[in-house]
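**Q** Sequence plus the predicted model coming up.
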Amino acid sequence: MGRGCKGDSHGYSPPFLRGYSPKKPIQMNLNDPLVSTLVPLILLFGIFYFLLIRPQQQRVKQHQQMVDSVRRGDTVVTAGGLVGKVAKVKDDGEVMVEIADNVQVRVLKSTLTEVRSKSGEKTEGTT
């Protein structure tokens, strides 16, 4: 006789099918180690998402809107602590900021931490 699978007569069934019957409903055992390990991990991920990930994404979106709304004449504060007025807004992600009379510096828009209106007050949405 050759060694080969010829139907169900050989008596072997893979481990994931042992005890499975199409007529028998699948029951979940809550005492299973896999379930007792996955449930806390899923809960932990949910907590991390709602307490850390989602608020950070909202802050990034808010900062991006603030940077995109920079106009000439606005007072800005950079991450380095420089305070000045926007002299020119460039399209390549830079602004020219006047930090003193006749002294202008090129600043990346992404380094702006605060945008104040022309009157010097913070605009809505900044912290």
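**A** Everything's here; your move. Being a predicted model, the structure only gives us computed values, none of them experimental.
**Q** so where do the strands sit in the chain?
**A** All strands of the chain, identified by DSSP state E, fall at 75-78, 83-89, 94-100, 103-108, 112-116.
**Q** In JSON lines, list those strands along with mean pLDDT and distance to residue 64.
**A** In short, each C-beta sits where N, CA and C put it, glycine included. Converted to JSON lines, the strands of the chain look like this (pLDDT from 0 to 100; distance: least, C-beta to C-beta, whole Å):
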{"stretch": "strand 75-78", "mean pLDDT": "95", "distance to residue 64": "15"}
{"stretch": "strand 83-89", "mean pLDDT": "95", "distance to residue 64": "15"}
{"stretch": "strand 94-100", "mean pLDDT": "95", "distance to residue 64": "15"}
{"stretch": "strand 103-108", "mean pLDDT": "96", "distance to residue 64": "13"}
{"stretch": "strand 112-116", "mean pLDDT": "93", "distance to residue 64": "11"}
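**Q** Can I get these in a markdown table including distance to residue 30 and mean neighbour count?
**A** Listed next are the strands of the chain as a markdown table, based on distance: least, C-beta to C-beta, whole Å; neighbours: other C-beta atoms under 10 Å:
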| stretch | distance to residue 30 | mean neighbour count |
| --- | --- | --- |
| strand 75-78 | 55 | 19 |
| strand 83-89 | 60 | 16 |
| strand 94-100 | 58 | 17 |
| strand 103-108 | 54 | 14 |
| strand 112-116 | 50 | 18 |
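**Q** Worst mean pLDDT across the helices and strands of the chain, which element?
**A** Least confident helix or strand, the chain: helix 33-48 with a mean of 90, by mean pLDDT, DSSP states H and E.
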